[in-house]
Structure formats: C-alpha cells, structure tokens
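Enquirer: can't give you the sequence, but here's the structure:
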Ligand SMILES: [Zn+2]
Ligand SMILES: [Zn+2]
C-alpha cells in the first residue's frame, strides 16, 4: 500500500491549502475559508462498502427481473418492469428520452455497482486491480448520474396521479428497488475517496512531498496535491489518476455560459409544450409542467404538488439564476461575500438531478397506462425540452469552477 505522499490538502472549492491533522471519532474537517468538507475520520474499511455493493448487485438483478407495478382499471390490467418506460419511449419515437431514462435509472447504477465490486474485491484480496485509478475515478464521476432515488420519487408521483381512478399494486421489483436504493446509499456513504485513493497510490511512488510554499495545485479528479513547479507538471497528467492536470477547470466560464444559455433556451418549449397527454375514453387533455401541478392541487395532493412545483419549476429557474449570477460576479471580479457565493454554488450542484422527477414519472405513466380506448398516456415534446434543461443545467454547474470566485476576489483585494 502506497501512502498519500503529502500531508497537505487543497480545498476543492476555494483552493486554500490545509495541513492534514489526524481526526478521531465521527469528526469531519471543513475548509476554514469556505466551509467545504475536506476529509473525515472514517475508518479505512473495505468490508462494509464491499458487502453493500454485493447486496446492491443482487437487489439490482431482482429489481429488474420482477414486475415493478400493476395498474388496473375497468377490469383491465397492465404490468410494467423497470425497463418498460425505456421501451415505451423508444416505441413512441422519443429515442433521446428512452436512452436518457435507460442510462440514469438502469445502466449507470449497474456500471457503478460493477466498478465498486471490481475495485473493492481486488483491493480486499490485497492487489491493485488493473485500471484501478480509472475505475475509482469513474465511480465518483458517475455518482450524480445514477438517479435511482430520484426515480423513486417519480414513482411516488406517478402512483399519486393514478390512485384516483385506478388500482395500483406494487410488485416484488418495486420492493427490491427500494432496498437497492438503501444498499447503494450505504455503499456510497462507506466509500471514502481519500482513503481509497491513498490505497491505490501513484503506482510508482517516491514523489517528493510538496510543502505549502511550493505553490500547490490539486488534481480536480482525485485531489492529489502536486507542487506546481514539480516535474510531473511537464507531463501534464496526474501521477495518481492520470487525468490531464489543470490549475483551474479549462475554459470554465465560456463553457458554463454556453451550457447555461442553451438551458435557458430549452426552458421556454419545456414549459410551453405539453409534457404528456392523458387520453381517457376518447377525451385527450395535454398537460404542461404547470398544468400538471395545477391538477395535483385540484386533487388536494398538496405535498406532491409542492414537490413537483419545487423540482420542475422552481429548481431549474433557481439554478439558471444562481449560475448566471456567479458567472457575472466572477466576470466583474466581485469580492462580495465569496463564502456565501460558494455555498450557493454547492446548493445548485446538489439539487440539479432532482428535477428529473417529472421525466421519470412520465416514463412510468406511459408504460402503465396503455389500455387503448379506456385510458392511454402519451409523451409530449415538452418532456424532451425539459430533460434537456435538467441535463444542461447539471453540466453547467459541473463545468463552473468555484475556485474562480476566490481567485477573482483575491486578485481584487491583492
Ligand atoms: Zn474552501
Ligand atoms: Zn488525479
């Protein structure tokens, strides 16, 4: 095992160097300047995440094999599986939604479980499995895109919408999926990036430990700390995880603006066009995002109405507003409240994926409610635009580099 060659850690949100001090108990070290979590006193334990990942893989197979829900109306019934929404979207010529729902609800959760099992089993057997660094990097990169818990909220909204006029029976697949979410959260919570990275080490070892006055930079993928003058810089690759090294995320401001403007453009059709159409006994009623919320209020489902309003209308606007504000403040070298601006960034990065609820809800409804003349739900073009808004705002938040807030504030003060 190669130990971390440095006892300095750079805050990933504001770049302030901190000396690593040993922690005990459940303590967590926070950045003294911006409050971001730096590292914690977790035990270097492989058994626990390995057990949860193995249980997760079994539950994943069960959740996909068994029926998820059964919908019954007027003596007719329809059963769906986890993959049914993906198939229905494809058949309805909404291939982009089909691929998206498949990726975030089935494919990426599976890939990240498989990578965890591969890496942790290898390390547990006392070896460094081939491509260990790439696997670990991928596990953390995929985390925001594996959206099973968001999918679950979509399921709940779908059940509430249907419960008024039909009977819903939950299948074994649903229960397996519920426990799967718990197993994956437990695996993620017991998987500690800094501990695993130091186990994997650099592969060649012997790096000189940089000190705080060398002018430090940290790898944006694995937080490895390198002296900026160090010879590794000339290779332009992180010695530990092999990604290209950058002092700051490259071209962060322009990229973020481009993604943000694209998101704002899609926001208009996402709200103007129907996201789905409910056809019951020949009567069709197209629903936009907003009218969907209104229907929930009319049905006096206040908490679900609030949830959908928050996730589908409020959060996308809030994200676009906050990221635009951050970009403008960085452009004008603002020194105003950098800590609060960093917290605002942290919030936008965290909440973005929850806006997918509506897309998942539609994928469940179109797969369940297809009883021809009795009741059918069809997907509308607004759903594609809305999915684009969610993905583009997530990418915009990821491409923004919060350290720029501090650079510009420092440049003005200095
Ligand atoms: Zn910080
Ligand atoms: Zn790295």
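Expert: Cool, the structure landed. Just so we're clear, the structure is a prediction, and the values are computed from it rather than from any experiment. Ligands and ions are numbered 1, 2, ... in the order given.
Enquirer: burial count for residue 45?
Expert: Residues near residue 45, counting by other CB atoms under 10 Å, number 12. (Each C-beta comes from the backbone N, C-alpha and C, glycine too.)
Enquirer: Now do the same contact list for the residue nearest to it when sequence neighbours are not counted.
Expert: Computed as CB to CB, 6 or more residues apart in numbering, the closest residue to residue 45 that is not its neighbour in sequence is residue 190, at 6.7 Å. By CB atoms under 8 Å, 6 or more residues apart in numbering, the residues touching residue 190 are 42, 45, 48-49, 52.
Enquirer: Phi, psi for the residue lying farthest from the centre of the chain please.
Expert: Here the centre of the chain is the reference, and by CA atoms, centre = their mean the most remote residue is residue 75, at 40.0 Å. Phi and psi for residue 75, reported as degrees, to the nearest 10, are phi 80, psi 0.
Enquirer: Count the neighbours of the residue of the stretch 201-350 of the chain found nearest ligand 1 for me.
Expert: Nearest residue of the stretch 201-350 of the chain to ligand 1 (CB to the ion) works out as residue 342 at 7.0 Å. Residue 342 sits with 23 neighbouring residues when counted by other CB under 10 Å.
Enquirer: ditto for residue 294
Expert: 13.
Enquirer: Just the pLDDT for it.
Expert: For residue 294, the model assigns a pLDDT of 95.
Enquirer: before we move on, what about residue 414?
Expert: 52.
Enquirer: same thing with residue 239?
Expert: We have a pLDDT of 83 for residue 239.
Enquirer: Residue 7 too?
Expert: Reading off the model, residue 7 has pLDDT 80.
Enquirer: Verify the contact between it and residue 17 for me.
Expert: No - counting by CB atoms under 8 Å, residue 7 stays clear of residue 17, with 10.7 Å between them.
Enquirer: Surely residue 393 is in a helix?
Expert: Yes - under DSSP: H, G, I helix; E, B strand; the rest coil, residue 393 sits within a helix.
Enquirer: measure it to residue 352 for me?
Expert: Using CB to CB, to the nearest Å, we find residue 393 at a distance of 6 Å from residue 352.
Enquirer: so what sits against both of these two?
Expert: Common neighbours of residue 393 and residue 352 (CB under 8 Å, 6+ apart) are residue 319.
Enquirer: so who does residue 115 touch?
Expert: By CB under 8 Å, 6+ apart, the neighbours of residue 115 are 135, 138-139, 142.
Enquirer: got the contact list for the helix or strand containing residue 321?
Expert: Per DSSP states H and E: residue 321 is located in helix 315-331. Helix 315-331 is contacted by residues 253, 256-257, 260, 263-264, 267, 270, 336, 341, 344-345, 347-348, 351-352, 354-355, 389-390, 393, 396-397, 400, 402, 404-405, 408 when judged by CB under 8 Å, 6+ apart.
Enquirer: Please apply the same query to stretch 174-188.
Expert: Residues beyond stretch 174-188 that count as contacts (CB under 8 Å, 6+ apart) turn out to be 48-49, 52-53, 55-56, 59-60, 62-63, 66, 68-69, 82, 109, 113, 116, 143, 146, 148-149, 152, 155.
Enquirer: Could I get the contacting residues of residue 272?
Expert: By CB under 8 Å, 6+ apart, the neighbours of residue 272 are 288, 382.
Enquirer: One more: residue 400?
Expert: So, once contact is read as CB under 8 Å, 6+ apart, residue 400 ends up touching 249, 252-253, 256, 323, 326-327, 345.
Enquirer: Reformat the residues you listed into TSV and put distance to ligand 2 next to each item.
Expert: Formatted as TSV, the contacts of residue 400 follow (distance: CB to the ion, whole Å):
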residue	distance to ligand 2
249	14
252	18
253	23
256	22
323	26
326	25
327	26
345	22
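Enquirer: and of the residues you listed, the nearest to residue 88?
Expert: Closest to residue 88 out of the contacts of residue 400 is residue 323 (33.1 Å), distances taken as CB to CB.
Enquirer: so what's the closest one scoring on pLDDT?
Expert: With respect to pLDDT, residue 323 scores 97.
Enquirer: could you measure it against residue 289, distance?
Expert: The value you get for residue 323 to residue 289, if CB to CB is used, is 20 Å.
Enquirer: which stretches of the stretch 251-400 of the chain form helices?
Expert: Ranges of helices within the stretch 251-400 of the chain are 252-272, 289-298, 302-308, 315-331, 338-351, 357-368, 381-399, based on DSSP state H, counting those that start in this stretch.
Enquirer: how far off helix 357-368 does the second one point, in degrees?
Expert: Just to be clear, that refers to helix 289-298. Relative orientation of helix 289-298 and helix 357-368, computed by axes from the mean of the first three to the mean of the last three CA atoms, to 10 degrees: 80 degrees.
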